[in-house]
Each structure stands twice: as structure tokens, then as C-alpha cells.
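Enquirer: Attaching a predicted model along with its sequence, questions to come.
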Amino acid sequence: MKKITKAVIPAAGLGTRMLPIARTVPKEVLPIVDRPVMDYLVREAADSGITDILIITNRGKGAIEDYFDYSPEYEQKLIEKGKTKELEQLRELVQRVNVHFIRQKEPRGLGHAISCARAFTGDEAFCVLYGDDVVYSDVPVCRQMMDAYEKYGLAVAAVQPVTDEQIVKYCSLDVEHIEGREYHVKDMIEKPKPEEKFSNLSILGRVLLTADIYDILDNTAPGAGNEIQLTDAMKELARTKGMSAVEFIGKRYDMGSKMGFLEANIEYALRDPALGEDFRAYLKEKAATL
Ligand code: UTP
């Protein structure tokens, strides 16, 4: 089995849930404390052993490309001021991985975005990190999926249980327990009505796909929201080639929603070694007035 070295990050969605800011700042570069969402995603992939990342963008997402470029004006200033640690921090991530870009010409859905990665991944299996889902964990979620892939040789969905209110907006999985946190995927449905859901287990922003997905995507008709749904293609992949699921360990933040954005900023700030103590004191004081 070939080692997984590639990841794809779809970031070409319109982000309508984050309007009005999404009109001018892509949700994939919204900050969590002092780093954009995309930094957390690329870091997770790099920490998992990925060496090449394809980010799928579209019009108006230039800020994502700029973030992974060198920035001579800042670097020069830091050199002049002798701030070598800050200079290293600025460069460190882009030196660990190759970041590539391609444009999805029209936002026709997550499934369509993934099909834009075909030439990049070729016949290799690859990780997908949804551009608006950040996960805080000890072991990066991509690594948790790669471990399951190495064990079963099948595509992998990273899942967790969600609430009844959430499951109707996400996808619902029909699974059979294998062992520990691992499952065999039998079926799935995107945005089910309450009576249609299989379970409350949902995919939360991470999957590992085999190249079989591309031919399936080519034959996938638009589904929910008139978009080409990755869930519809993965359901076919699970039925024809097999797919496993791993209940990942970690806390996921939906950065495509306003609540997720606020929760992530508060919780990451509390964990921040430089800010955490002062921010906790502030929050306690504030909470006492609520
Ligand atoms: P979402 O469905 O959460 O993104 O897709 P969206 O369409 O931008 O969201 P709303 O509902 O309008 O707020 C998950 C990821 O897939 C990307 C998005 O950028 C996001 O990171 N995506 C979605 C694409 O790359 N292309 C698409 O056509 C749709």
C-alpha cells in the first residue's frame, strides 16, 4: 500500500452562513486568535506526515494564496529588528509542506470541488480537510484516518455523534461496529429528514478517499441544494468498494458558522500560552456580570 502524502482542502464555497464578512474575507482565512483557519488545516496535514496540499479556491480567495507566500516586507523588518524567532515562525509552515492551488470555476458543491483534484492526486489515496472545519486534538485527525487506512486499505470517514438538531443539516451514517472506535460504513444520507436518519453519527470535516471517487463523482447528479454532493458519491464508494469510519478523538469547530467561529476563538485563546491566563481572568470577570 502506497504511503499517503497528499491532502486536498476545498475552500471555494460561498460561505453564505458567514455573510456579510464572507463578501470580503473568505471564511477559510477568518482568524482563530492570530492565525487564519487555513493555517490550522495545513498544520494538521503537515503534522500527519502529508507533504503536498492542494487548496481549491475561486474568485475572491486570493487572501488564502497570499498567506502561504513569502512576505519579504515583514521578513526584512523582522531581520532589521533581530527578531529571529518571529522570522522562523513566519516561514516554518511553508517550509514543511508544498502548497498548491487550483480554481473551481463555479461553486457547484463539495463533490464538484473534489473532482478538481484529480490530476493532483492521480491514482493515490488522499486526505480531505473541509476548509471550514478546524479540529483541536492531540493526534491530528488526518493521522487518525491514515492509521485506519493502513489497517483496512479502504476510504475512511472521520465521524462523531452530533445532536438531533445538527444531524438534519449534516450527513447521517449507517454503520456496523468493527472494534474500538472503528466502523464499517454501510450507507449514508446528506441532510436527512428526522425520520430518514440512520444514526446520529456524522462526518465532521475530514475524510480519506481513494481515487475510485473520481469516476463516481463524474456520474453523480446534483443532489441536496442542487449541488454535487460528496456524500452521494461516498455512499456509492462505500457500497461498491467499501469504506470504514473512525470515531476521531478531538474537538471540532465549525468555522463556517458564527457560533463555531466564536467558540473557537474563546477556547483557543484560553489554551494560548501567552494569552490564556489574562484572558481567563477577563472571562471570569465578564461571566460574573452576565
Ligand atoms: P460548505 O457547504 O460548508 O460551504 O462546504 P459553503 O457552501 O461555502 O457554505 P454556506 O452554506 O454557503 O455557508 C464545506 C467546504 O467545502 C468548500 C467550502 O469552501 C468549505 O470549505 N466548498 C463548498 C467548495 O470548495 N466548493 C463548493 O462548491 C462548495
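Expert: It's in.
Enquirer: only C-alpha atoms for contact and neighbour calcs from this point on.
Expert: OK.
Enquirer: Tell me the bridge partners for Ile32.
Expert: Taking DSSP bridges as the rule, Ile32 bridges to Arg35.
Enquirer: Report the beta-bridge partner residues of Ser172.
Expert: Ser172 forms beta bridges with Ile189, as assigned by DSSP bridges.
Enquirer: Repeat that for Leu209.
Expert: Counting by DSSP bridges, Leu209 is bridged to Phe126.
Enquirer: ok, and the closest non-adjacent residue to the residue of the stretch 151-290 of the chain found nearest the ligand?
Expert: Nearest residue of the stretch 151-290 of the chain to the ligand (CA to the nearest ligand atom) works out as Gly256 at 5.8 Å. Nearest non-adjacent residue to Gly256, counting by CA to CA, 6 or more residues apart in numbering: Asp132, 5.3 Å away.
Enquirer: pLDDT wise, what is the one you found at?
Expert: What the model reports for Asp132 is a pLDDT of 95.
Enquirer: Show me what the host helix or strand of Ile266 is in contact with.
Expert: Assigned by DSSP states H and E, Ile266 belongs to helix 258-271. Contacts of helix 258-271 with the rest of the structure, by CA atoms under 8 Å, 6 or more residues apart in numbering, involve 17-18, 31-33, 253-255, 275-277, 279-280.
Enquirer: Could you do stretch 50-70 as well?
Expert: With contacts defined as CA under 8 Å, 6+ apart, stretch 50-70 is touched by 4-12, 24-26, 28-29, 38, 42, 45, 91, 94, 96-106, 113, 116-117, 120.
Enquirer: Drop anything exposed from the residues you listed.
Expert: 4-12, 25-26, 28-29, 38, 42, 45, 94, 96-99, 101-104, 113, 116-117, 120 (16 or more other CA atoms under 10 Å).
Enquirer: ok, back up a step: which residues sit in contact with the residue nearest to Gly256?
Expert: The contact partners of Asp132, by CA under 8 Å, 6+ apart, come to 11, 27-28, 37, 205, 254-256.
Enquirer: Please compute how far the helix or strand that contains Tyr253 lies from its chain's middle.
Expert: Element membership for Tyr253 (DSSP H and E) is strand 251-254. Remark: strand 251-254 is offset 10 Å from the chain centroid, using CA atoms, centre = their mean, to the nearest Å.
Enquirer: For it, which strands pair with it and how are they oriented?
Expert: According to DSSP bridges, strand 251-254 forms sheet pairs with strand 133-136 (antiparallel).
Enquirer: still on that earlier bit, for the helix holding Ile266, which positions count as buried?
Expert: By 16+ other CA under 10 Å, the buried positions in helix 258-271 come out as 260-261, 264-270.
Enquirer: Tell me the residues of the stretch 151-290 of the chain that contact the ligand?
Expert: Residues of the stretch 151-290 of the chain lying close to the ligand by CA under 6 Å from any ligand atom are Gly256.
Enquirer: Quick check: phi and psi at His100.
Expert: Dihedral angles of His100 (phi, psi; degrees, to the nearest 10) stand at phi -110, psi 160.
Enquirer: Give the closest residue to it in space, chain neighbours not counted.
Expert: In space, His100 is closest to Leu54, 4.6 Å off (CA to CA, 6+ apart).
Enquirer: which SSE is that neighbour in?
Expert: Leu54 is located in strand 52-57, with elements delineated by DSSP H and E.
Enquirer: after that strand, next one along is what?
Expert: Using DSSP H and E, the next helix or strand after strand 52-57 towards the C-terminus is helix 62-67.
Enquirer: Pull the distance from that following helix to the chain's centre.
Expert: Relative to its chain's centre, helix 62-67 lies at 17 Å (CA atoms, centre = their mean).
Enquirer: Pull out the CA atoms of that helix and give them to me as PDB.
Expert: Output in PDB follows, covering the C-alpha atoms of helix 62-67 (Å, rounded to 0.1, in the frame of the first residue of the first chain):
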ATOM      1  CA  GLY A  62      -6.600  35.500  -3.000                       C
ATOM      2  CA  ALA A  63      -6.000  36.000   0.700                       C
ATOM      3  CA  ILE A  64      -5.500  32.300   1.100                       C
ATOM      4  CA  GLU A  65      -2.700  32.200  -1.600                       C
ATOM      5  CA  ASP A  66      -1.000  35.300  -0.100                       C
ATOM      6  CA  TYR A  67      -0.900  33.700   3.300                       C
END
